[in-house]
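Engineer: Only the shape, not the letters, is given here:
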Ligand SMILES: C[S@@+](CC[C@H](N)C(=O)[O-])C[C@H]1O[C@@H](n2cnc3c(N)ncnc32)[C@H](O)[C@@H]1O
């Protein structure tokens with residue numbers, strides 16, 4: 001499942017990006033509660049300038065822009081052209097937000113310009129996270145703050161633990177490297193602390209934030225489960241594991257994931273636990 005940087009950039013600009021756009025409404029609904037917890041941790045104030053890293057289709061930026069108001073500013077940076085296009089299309093004309101299609105780990109950013117470095121699930125994909133955070137830190141004002149939300153490990157996230165367990169034995173998968181760039185690479189809070197400390201941040205505080213969220217909804221329970229299965233197999237690590245598999249393997253994997261999800265509660269929905277870390281840190285004052 002490990003991908004190299006160039007593959008990942010191509011992926012976010014190709015099939016992954018397009019599928020994220022297609023599933024945007026449900027993905028936003030899943031991320032909303034976690035993103036809100038990160039926004040509260042960031043505590044954006046009127047007039048502040050925010051850098052939203054890996055902003056995707058831009059839901060978090062809309063919320064941030066509302067908090068900083070017309071006198072503030074949100075710069076959205078994302079490596080994916082289709083996702084930034086979606087974010088642009090959703091932004092109200094009068095929202096004080098700017099857009100940049102770029103790799104945040106190396107993008108040219110104004111120095112000492114931002115009050116807040118924010119991300120909702122967008123900072124786990126860097127090849128060299130320490131270098132990336134050191135680079136992004138230079139865009140923060142002295143004393144500027146960091147607030148982001150990231151997933152903890154797969155063992156704690158049923159939305160990935162259940163389908164991964166279900167397809168084990170059907171689809172050949174290398175054992176996942178917990179530190180390889182990807183959604184779970186910040187699963188270990190000690191690793192996050194090491195990365196942020198080495199990148200020059202202080203006052204690091206990491207708090208668990210867990211919630212049960214709806215991974216599928218529909219007119220019937222079956223429709224809700226079908227929606228969750230389709231999204232799980234089309235977006236994220238499992239989509240890559242299944243990409244080159246023959247139809248019979250894909251069909252068996254789909255049936256196995258469906259059976260695993262059927263154990264989750266919900267009436268016309270499919271409620272699954274998500275486990276995240278809310279991370280706060282500070283750029284030293286001088
Ligand atoms: C899991 S999605 C989260 C998107 C969005 N923040 C949200 O919550 O809906 C991760 C996002 O990070 C972006 N991304 C990945 N690597 C990046 C990089 N090196 N620089 C900027 N954006 C990146 C992807 O294109 C994708 O939009």
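Structural biologist: Sure thing, it's come through. On a predicted model such as this, the values are computed, not experimentally measured, just so you know.
Engineer: Any stretches of the protein with poor pLDDT?
Structural biologist: 1-4, 94-96 (pLDDT under 70).
Engineer: which strand is the longest one in it?
Structural biologist: Longest strand in the chain by number of residues (criterion: DSSP state E): strand 202-217.
Engineer: Neighbouring strands - and their directions - for that one?
Structural biologist: The sheet places strand 202-217 alongside strand 269-282 (antiparallel), with pairing taken from DSSP bridges.
Engineer: On the three-state scheme, residue 155 is what?
Structural biologist: helix (DSSP: H, G, I helix; E, B strand; the rest coil).
Engineer: any idea which element the residue nearest to it when sequence neighbours are not counted lies in?
Structural biologist: Leaving aside its sequence neighbours, residue 155 sits nearest to residue 161 (Cβ to Cβ, 6 or more residues apart in numbering; 6.0 Å). Where C-beta positions appear, they are placed from N, C-alpha and C, glycine not excepted. Using DSSP states H and E, residue 161 sits within helix 158-167.
Engineer: do the same with residue 37
Structural biologist: Per DSSP H and E: helix 24-42 holds residue 37.
Engineer: Also residue 52?
Structural biologist: Assigned by DSSP H and E, residue 52 belongs to strand 49-53.
Engineer: quick one: that strand to helix 24-42, angle?
Structural biologist: 130 degrees (axes from the mean of the first three to the mean of the last three Cα atoms, to 10 degrees).
Engineer: Flag every residue of the stretch 1-150 of the chain that's near the ligand.
Structural biologist: Contact residues, the stretch 1-150 of the chain versus the ligand (Cβ under 6 Å from any ligand atom): 12, 27, 31, 35, 54-57, 59-60, 77-80, 83, 103-105, 120-122, 125-126.
Engineer: May I see the ChimeraX selection of the buried members of the residues you listed?
Structural biologist: To isolate in ChimeraX the members of those that are buried, counting by 16 or more other Cβ atoms under 10 Å, one can use:
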select :12,27,31,35,54,55,56,57,59,60,77,78,79,80,83,103,104,105,120,121,122,125,126
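Engineer: Tell me who's in contact with residue 57.
Structural biologist: Residues in contact with residue 57 (Cβ atoms under 8 Å, 6 or more residues apart in numbering) are 20, 21, 24, 27, 28, 83, 86, 87, 90.
Engineer: which residue packs closest to the last one, ignoring adjacent ones?
Structural biologist: Counting by Cβ to Cβ, 6+ apart, residue 58 is the residue found nearest to residue 90 once chain neighbours are left out, at 5.6 Å.
Engineer: Tell me how far the one you found lies from residue 70.
Structural biologist: Residue 58 sits 18 Å away from residue 70, going by Cβ to Cβ, to the nearest Å.
Engineer: Please apply the same query to residue 146.
Structural biologist: 25 Å.
Engineer: cool, residue 262 as well?
Structural biologist: For residue 262 relative to residue 70 (Cβ to Cβ), the value is 48 Å.
Engineer: Also residue 54?
Structural biologist: Separation of residue 54 from residue 70 (Cβ to Cβ): 25 Å.
Engineer: Over to residue 132?
Structural biologist: As for residue 132, its distance to residue 70 is 31 Å (criterion: Cβ to Cβ).
Engineer: Kindly report the same for residue 235.
Structural biologist: Noted for residue 235: a distance of 35 Å to residue 70, by Cβ to Cβ.
Engineer: Of those two, which one has the most company?
Structural biologist: Neighbours per residue (other Cβ atoms under 10 Å) separate residue 235 from residue 70, with residue 235 holding more: 17 against 11.
Engineer: What is the helix holding residue 161 packed up against?
Structural biologist: helix 221-234, helix 237-242, helix 247-261, strand 269-282 (3 or more Cβ pairs under 8 Å, 6 or more residues apart in numbering; DSSP states H and E).
Engineer: Right, I'll call it a day here.
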